[in-house]
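> Okay, predicted coordinates and the sequence, questions at the end:
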Amino acid sequence: MTTWNVNVLYNAEFLSRLTNGVRHLMPIWEISPNASVELLTISENATFRIDDQALGRNLIVRVHRPDYHSEPEILSELAWIEALRRDGTVATPQPLAGRGGGLLQSFSDGETIRHAVAFEYMSGKEPDAESDLVRWYGALGKINARLHGHSRNWKRPDNFTRKTWNFERILGEGAYWGDWRAALGLTPEGREILERTHALLETQTATYGYGADRFGLVHCDMRAANLLVEGDRLGVIDFDDCGLSWFAYDFAAAISFMEHEPFIPDLMAAWLEGYRRVAPLDAEHEAALPMFIMLRRMQLTAWIASHAETPTAQSMGTTYTDGTVALAERYLTEHR
């Protein structure tokens, strides 16, 4: 699976090309030519904010990395977002159609065709450790329960297609985000621990299974960076990784990059309480949460290795790998 070449992510000429591509698309969304275009983030996709003071409009434009999601996959993501909004399931930004009614736009970048999607701007800020994370993860539990209920009951369009996040695609030879064995600073001793953890997780996930009561369409990346708090509202953004996976995996994704923090048990308790206020969650699925946390941690360790020039990877460095080994060692002790 081809992803963005991280060696060029911060090349000024590369970023200038993407910005010009977004500017080229602005008339499609009826944006004034003098509107400002600001790069917000770039790791997998590139995300831009457009401020059109003349028309009093703000919007977010996501430029997709090539060779990852196909056009049908992107349109399927947008179909679920629109269904979730229509059914009042979650507060999430509306995808914006261009002239002619299409949601998916594209522009040429040399020989590469880059797809782009515009969303309405949603105000708010990311919850952080300085705020009341327990409160917001309780609210997130309710949102997850509503999303999972919608996933089970929604009649998907006939051409609906999204990636499947099973063990093979998370940690196996076909992993979308790379091989954890390439982890930054991984020692031979650490690799041996992670090899044993890998084998255990493969067995455990196979035993847990893929039944309809536990595996379906999920957000798969509802981490703090994809949450927007304003007043009493908790908004959810970035369905780019939504796909078929375990429902319980949504909690593991929600604590991405902070799995080692001492407050995680409190977040888990709040999430479970919030979830059960909306839908039942039996003991088997609750007991599976630590397994999915470990699975996600190893997946992110691989992601950092394959995206070493991104700000997130650089901020984590080898420390994250060391933490993964420590968590794995404890996990093996607890599950012998």
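Thanks, I have the structure now. Note that the structure is predicted; figures quoted are calculated from it, not measured.
> Can you show me the helices along this structure?
Under the criterion DSSP state H, the chain contains helices at 12-25, 71-86, 133-153, 167-170, 188-208, 249-254, 264-278, 283-287, 289-306, 311-334.
> need those in CSV with mean pLDDT, mean neighbour count and distance to D221, can you?
Any C-beta I mention is one placed from the backbone N, CA and C, and that applies to glycine too. As requested, the helices of the chain are exported to CSV (pLDDT from 0 to 100; neighbours: other Cβ atoms under 10 Å; distance: least, Cβ to Cβ, whole Å):
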stretch, mean pLDDT, mean neighbour count, distance to D221
helix 12-25, 93, 15, 22
helix 71-86, 98, 18, 12
helix 133-153, 97, 20, 12
helix 167-170, 98, 20, 13
helix 188-208, 98, 16, 19
helix 249-254, 98, 25, 5
helix 264-278, 98, 17, 15
helix 283-287, 97, 13, 20
helix 289-306, 96, 23, 10
helix 311-334, 92, 16, 13
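> so which of those helices gets nearest C220?
Closest to C220 of those, according to Cβ to Cβ: helix 249-254, at 5.6 Å.
> what's next to the closest one, contact-wise?
By Cβ atoms under 8 Å, 6 or more residues apart in numbering, the residues outside helix 249-254 that reach it are 137, 140, 144, 147-148, 165, 218-224, 259, 267-268, 271, 289, 292-293, 295-296.
> With stretch 71-79 instead?
Under Cβ under 8 Å, 6+ apart, the answer for stretch 71-79 is 64, 69, 95, 103-104, 115, 117, 156-157, 159-163, 239-240, 242.
> I170 and I264, how far apart?
Per Cβ to Cβ, to the nearest Å, I170 is found 20 Å from I264.
> about what we covered before: how about the helices of the chain, which one is nearest E38?
Here helix 12-25 is closest among these (Cβ to Cβ), at 8.9 Å.
> Counting by contacts, list what the closest one packs against.
Using 3 or more Cβ pairs under 8 Å, 6 or more residues apart in numbering; DSSP states H and E as the contact test, the elements touching helix 12-25 are strand 36-42, strand 46-52, strand 57-63, strand 105-109, strand 112-120.
> Just tell me which of those strands ends up closest to E195.
Nearest to E195 among the helices and strands packed on helix 12-25 is strand 36-42; the distance by Cβ to Cβ comes to 32.8 Å.
> Same question for the closest one: list its buried residues.
By neighbour count on 16 or more other Cβ atoms under 10 Å, the buried set for strand 36-42 is 37, 41-42.
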